[in-house]
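1. got a structure for you, letters missing:
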């Protein structure tokens, strides 16, 4: 139970950072975004290259950290990747396609259904055109 609580606290804190990234993008405070993205990646012990070049299974295994929180951490990493894609218009399509692949993996392998994930997939589809 203690491990589960720790996972939830960590996920909540990272989700707050991702929310701050989204708010900064919408309010024009974009200069803070790269540092916040880096904070999320460092907390997850991950980087964009690993995220882009690893299979979903490899990422979940890497993010599990012996507490089975890999799926939840991967979802945070995906949201971070989506936000980071706005910083790199020339790489945005590839980043969004990877985010879509990873979200679809989570939809299939997570034991909970998420309307937020469905909406995020719809948003990605709209951005991809």
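-> Structure received. Quantities reported herein were computed from a predicted structural model and do not represent experimental measurements. Numbering: from 1, shown residues only.

2. So residue 88 is in contact with residue 95, correct?
-> Yes - with contact defined as CB atoms under 8 Å, residue 88 counts as touching residue 95 (6.9 Å). Yep, even glycine has a C-beta here, placed from its N, CA and C like the rest.

3. Who has more neighbours out of the two?
-> Comparing residue 88 with residue 95 by other CB atoms under 10 Å, the one with more neighbours is residue 95, at 21 against 12.

4. residues touching the more buried one, list them.
-> By CB atoms under 8 Å, 6 or more residues apart in numbering, the contact list for residue 95 reads 48, 52, 81-82, 84-85, 88.

5. can we see that at 7 Å?
-> Residue 95 makes contacts with 81, 84-85, 88, as judged by CB atoms under 7 Å, 6 or more residues apart in numbering.

6. from those residues, which single one is nearest residue 127?
-> residue 85 (8.2 Å; CB to CB).

7. I'd guessed that closest one sits against residue 96; true?
-> Yes - taking CB atoms under 7 Å as the definition, residue 85 is a contact partner of residue 96 at 5.5 Å.

8. For residue 73, identify the helix or strand it belongs to.
-> Element membership for residue 73 (DSSP states H and E) is helix 70-85.

9. rewinding a little: residue 85 and residue 96 - which one has more neighbours?
-> residue 85 (21 against 18).

10. ok, and the closest non-adjacent residue to that one?
-> residue 95 (3.9 Å; CB to CB, 6 or more residues apart in numbering).

11. And what about that neighbour, helix, strand or coil?
-> helix (DSSP: H, G, I helix; E, B strand; the rest coil).

12. Verify the stated contact: residue 22 with residue 84.
-> No - applying CB under 7 Å as the test, residue 22 and residue 84 come out as separate, 11.7 Å apart.
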